[in-house]
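S.K.: sequence isn't available, so here's the structure alone:
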């Protein structure tokens, strides 16, 4: 029996949190964040990459990013510097079907999450598609 290494280790190329490259992550309600099994493991990576696209519904085109720390055993909104609101990624309202949308109709951000054990994406799943990956560099 051989040992299979499961840790991501140091990754230069972002690794999709949902598993397969190109797979979406689940967008959930904040009330769904109950314990350490919710959301996605970050494997102690340093950066989170988030891409949001419009499902052509016209409203609610945002996802807020939440984090979980095993040390605190709590979920919390991830923030940047002195901001008090959760990091928010908003897709532009394209007024077109997804198959007709172009690259400039998507919103992508990268931010540091050092020390965050798990992440979750809060919003309305019917409104947006969300993709997320982590990397060390």
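M.R.: Nice, thanks for sending it over. Predicted model only: the values in this text are computed from it and were never measured. Numbering: from 1, shown residues only.
S.K.: quick one: least confident helix or strand in this protein?
M.R.: Taking mean pLDDT, DSSP states H and E as the measure, the helix or strand of the chain with the lowest value is strand 87-90, at a mean of 91.
S.K.: how distant is that one from the center of its chain?
M.R.: Mean-position distance between strand 87-90 and its chain equals 10 Å (Cα atoms, centre = their mean, to the nearest Å).
S.K.: equivalent analysis for stretch 116-134, please.
M.R.: The answer for stretch 116-134 is 4 Å, by Cα atoms, centre = their mean.
S.K.: can you give me the end-to-end span of it?
M.R.: Chord length of stretch 116-134, first to last residue, is 11 Å (Cα to Cα, to the nearest Å).
S.K.: what's the answer for stretch 27-35, then?
M.R.: Stretch 27-35 end-to-end distance (Cα to Cα) = 16 Å.
S.K.: returning to that earlier point: other SSEs contacting the least confident helix or strand of the chain?
M.R.: When contacts are defined as 3 or more Cβ pairs under 8 Å, 6 or more residues apart in numbering; DSSP states H and E, strand 87-90 packs onto strand 47-54, strand 62-69, strand 107-112. Backbone N, C-alpha and C define where each C-beta goes, glycine included.
S.K.: recalculate using a threshold of 6 Å.
M.R.: Helices and strands touching strand 87-90, by 3 or more Cβ pairs under 6 Å, 6 or more residues apart in numbering; DSSP states H and E, are strand 62-69, strand 107-112.
S.K.: okay, buried residues for the longest one please.
M.R.: Neighbour counts over strand 62-69 (16 or more other Cβ atoms under 10 Å) mark 62-68 as buried.
S.K.: got these as TSV, with pLDDT columns?
M.R.: Listed next are the buried residues of strand 62-69 as TSV, based on pLDDT from 0 to 100:
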residue	pLDDT
62	91
63	95
64	96
65	97
66	97
67	97
68	98
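S.K.: would TSV of the residues you listed with distance to residue 96 be doable?
M.R.: Listed next are those as TSV, based on distance: Cβ to Cβ, whole Å:
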residue	distance to residue 96
62	18
63	20
64	25
65	26
66	30
67	33
68	35
